[in-house]
Every structure is written in structure tokens, then in C-alpha cells.
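Engineer: Model the structure of this input:
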Amino acid sequence: MAGLCQLVLACSPAGEAARTQKAPLAEAGFEGPLVVAFGDSLFAGYGLEPSQGFAPALERALAEQGVRARVVNAGVSGDTTAAGLARMAFTLDGLPRKPDLVIVGLGANDMLRGLSPAQTRANLQTMLDELKRRGIPAAMTTMMAAPNLGEDYAQAFNTIYSELSAANGVRLYPFFLEGVAGQPAKLLPDGMHPNAEGVEDIARRLAPAVAGDLPKG
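Structural biologist: Numbers count the residues shown, from 1 in each chain. Alright, predicted model coming up:
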């Protein structure tokens with residue numbers, strides 16, 4: 001996790017460019033479950049080919065579970081929770097229909113910048129409120145504080161996700177980089193972002209839980 005502290009520097013320029021674009025749209029005529037992967041560089045597929053990012057990998061992993069779904073890549077490198085909150089309505093309004101699930105994976109860049117955990121929590125809560133207002137089921141992936149930020153910061157940050165999940169009745173998926181962080185064979189040369197193999201591992205690990213949160217039939 002300590003290596004993750006360079007993540008925000010590596011991702012911010014790409015994030016600024018991507019923020020002016022709409023998320024890719026699922027085709028309007030698709031009738032299966034529609035999932036939105038709404039996050040930062042870990043969702044965006046930083047450093048990878050478009051087909052190797054988390055959204056297409058999750059789509060493939062769901063197919064292996066017998067679920068024919070479309071997963072929209074709404075990840076923007078460098079995004080904090082504040083930036084994600086600012087673009088959420090724009091992203092949702094650009095979809096062809098209401099999604100069946102939005103997976104929120106934000107907070108890593110807040111942590112890496114040492115931003116207030118209280119503000120991170122408030123931004124995530126506002127996003128969950130907006131999804132609830134629109135009648136869209138939500139889930140979150142867990143992020144953990146880097147050890148070098150200190151015990152007090154880690155305690156304040158690491159409780160955000162479980163407490164928001166409990167308070168809002170929102171499914172909480174495990175730490176996104178579980179089994180990948182600290183594994184050089186599953187990371188890009190920067191030692192922070194998952195490579196294609198790492199992304200596939202993450203998607204396969206999360207797919208059963210995601211499949212369980214999607215409508216059947």
C-alpha cells in the first residue's frame with residue numbers, strides 16, 4: 001500500500017482530460033442488466049488497453065457466471081470523491097436507461113492527498129443519496145489508507161466504507177486490490193495499478209457478489 005502514495009501524481013493529468021468526456025454508453029437496445037463502474041484510475045483501466053480495464057473484465061467475469069450484462073466504464077483517473085460527486089449526475093443522465101447497479105469505487109485519491117476523511121465520507125454519502133433518489137441500487141468497493149499516513153488517519157478513513165454500507169443498506173465489496181496489491185506480477189511497472197492479469201483477478205473475485213446484486217431473468 002505504501003507504493004500507492006504516488007498514484008495521484010501518476011493519474012491526475014489523465015483525469016483532467018477525461019473529465020470533459022461522457023462515459024461510454026451501453027447500446028440503447030440492450031435489455032440485460034446495466035452496471036456502471038463509477039470510480040477512479042483503478043476502475044478506468046489506467047495504463048491498459050480499453051479491453052483490459054475493470055469494466056470489460058467484470059463484464060467477461062459476469063458472463064462466466066451466466067450473467068449477460070453490460071458494464072459501463074465510468075472511471076476517471078485522478079478523481080477524488082469531490083470530483084466524482086461533481087460528475088455523477090452528468091454520467092447518469094448520459095446513459096440510455098437507468099442502470100441496475102452503480103458500483104462506487106472512490107476515495108483512494110482523497111486518501112493519497114491526505115484529504116479529510118470526514119469530507120470523503122460526506123461526499124460518498126451525497127453520492128449514495130443521489131443514487132437512492134433516482135431509485136438506482138448501489139454498491140461500494142472498499143479502499144484502505146496507506147500505512148504511512150498514520151494510525152489516526154487510517155482509523156478515521158478505514159471505517160468510512162463499512163459504516164456507510166451499514167447506514168445506507170448498501171452492499172460493500174472487499175478491498176478492491178485484495179490479492180493484487182504488493183504482487184509485482186499483477187501490477188504495472190509503477191507498482192501501484194493492476195496490470196491486465198491483476199484486473200482479471202479482481203473482476204473474477206467480485207463477479208459472484210455483483211451477479212447476486214443484479215436482477216434475475
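
Engineer: if I look at Asn123, how far off is Thr159?
Structural biologist: Distance, Asn123 to Thr159, by C-beta to C-beta, to the nearest Å: 16 Å. Where C-beta positions appear, they are placed from N, C-alpha and C, glycine not excepted.

Engineer: what about the helices in the chain?
Structural biologist: 7-18, 41-44, 54-64, 81-93, 108-112, 117-133, 151-158, 160-168, 196-212 (DSSP state H).

Engineer: among those helices, which is nearest Pro189?
Structural biologist: Nearest to Pro189, of all these, is helix 7-18, at 10.9 Å by C-beta to C-beta.

Engineer: Quick check: closest non-adjacent residue to Asn123.
Structural biologist: Thr81 (3.6 Å; C-beta to C-beta, 6 or more residues apart in numbering).

Engineer: Double-check Val71 against Ala63; I have them as touching.
Structural biologist: No. Contact criterion C-beta atoms under 8 Å: Val71 and Ala63 do not qualify, at 10.3 Å.

Engineer: Comparing these two, which shows the higher neighbour count?
Structural biologist: Val71 (27 against 12; other C-beta atoms under 10 Å).

Engineer: contacting residues around that one?
Structural biologist: 35-37, 55-56, 58-59, 62 (C-beta atoms under 8 Å, 6 or more residues apart in numbering).

Engineer: for Met88, same thing?
Structural biologist: Met88 neighbours (C-beta under 8 Å, 6+ apart): 38, 127, 130.

Engineer: mind redoing it with 10 Å?
Structural biologist: 36, 38, 74, 102, 104, 106, 123, 126-127, 130-131, 134 (C-beta atoms under 10 Å, 6 or more residues apart in numbering).

Engineer: Next: Val67.
Structural biologist: 32-33, 35, 59, 61, 207-208, 210-212, 214-216.

Engineer: Please tabulate those residues in CSV and include neighbour count as additional columns.
Structural biologist: Compiled in CSV, the contacts of Val67 are given as follows (neighbours: other C-beta atoms under 10 Å):
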residue, neighbour count
Gly32, 14
Pro33, 20
Val35, 27
Glu59, 20
Ala61, 25
Ala207, 21
Pro208, 13
Val210, 24
Ala211, 18
Gly212, 11
Leu214, 17
Pro215, 11
Lys216, 7
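
Engineer: Between these, which sits nearest Ala139?
Structural biologist: When those are compared for distance to Ala139 (C-beta to C-beta), Val210 wins out at 7.4 Å.

Engineer: State the distance from that closest one to Val199.
Structural biologist: Per C-beta to C-beta, Val210 is found 14 Å from Val199.

Engineer: next one: Ala61
Structural biologist: 10 Å.

Engineer: Kindly report the same for Phe54.
Structural biologist: To Val199, Phe54 is 6 Å away according to C-beta to C-beta.
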